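Chemist: for reference, the sequence and a predicted model appear below.
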Amino acid sequence: MNDNEAFHIVLVEPEIPPNTGSIARLCGATNSVLHLVRPLGFSTDDKHLKRAGLDYWKFVDIRYWDSFEEFLEAQDETKLFFLTTKTDKSYVDAPFRLGDYLVFGKETKGLPEEFLRLYADRCFTLPMPNPNIRSLNLAMTAGVVLYDAIRKNQKTGSQQT
């Protein structure tokens, strides 16, 4: 499968091994590509990471980047979508297409503010009507957004799910 036939999940400086393991499993199940942007808050040999991904790790297309800047320089910015709690635009309004990159920030801080400002028109969120809840778990958010992107593209060409 070439890069334009798959969705891409990008984790910028992920910190929690089970989240990354769960997202790796999600990517494997959906034939999506997982991009891990360093520095990582754990070793990819971490037992919690492997446990969450179970024995599926070998079936996931994982690509590593040394920095967020390196990742961005290598991409077509029209294919980038940034998920953040710092916008009011719902992910349901995002025009996801196969080949797009769904970019998530680190669990404790999210994406860098300067990139959110630069790409404000490409930032989306999961609406949370309860003002007492700051955010959802990273793996849950990635799953919701990825499966919605897949659903939106099933009419014109779908990934195997």
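Modeler: Sure, I can see it. Numbers count the residues shown, from 1 in each chain.
Chemist: please tell me how far Glu15 sits from Leu36.
Modeler: Distance, Glu15 to Leu36, by Cβ to Cβ, to the nearest Å: 12 Å. C-beta here means a position set from N, CA and C on the backbone, and glycine is covered the same way.
Chemist: so which strand or helix has Ser22?
Modeler: When elements are assigned from DSSP states H and E, Ser22 belongs to helix 17-30.
Chemist: what's the following helix or strand after that helix?
Modeler: Counting by DSSP H and E, the next helix or strand C-terminal to helix 17-30 is strand 33-37.
Chemist: chain center to that next one, what's the gap?
Modeler: On the basis of Cα atoms, centre = their mean, to the nearest Å, strand 33-37 sits 8 Å off its chain's mean C-alpha point.
Chemist: who are the packing partners of that strand?
Modeler: For strand 33-37, the packing partners by 3 or more Cβ pairs under 8 Å, 6 or more residues apart in numbering; DSSP states H and E come out as strand 8-12, helix 17-30, strand 61-65, helix 68-73.
Chemist: give me the below-cutoff pLDDT ranges for this protein.
Modeler: Within the chain, the set of residues satisfying pLDDT under 70 comprises 46-55, 155-161.
Chemist: now the angle from the biggest helix by length in it to strand 8-12?
Modeler: Counting by DSSP state H, the longest helix found in the chain is helix 138-153. Per axes from the mean of the first three to the mean of the last three Cα atoms, to 10 degrees, the angle that helix 138-153 makes with strand 8-12 is 150 degrees.
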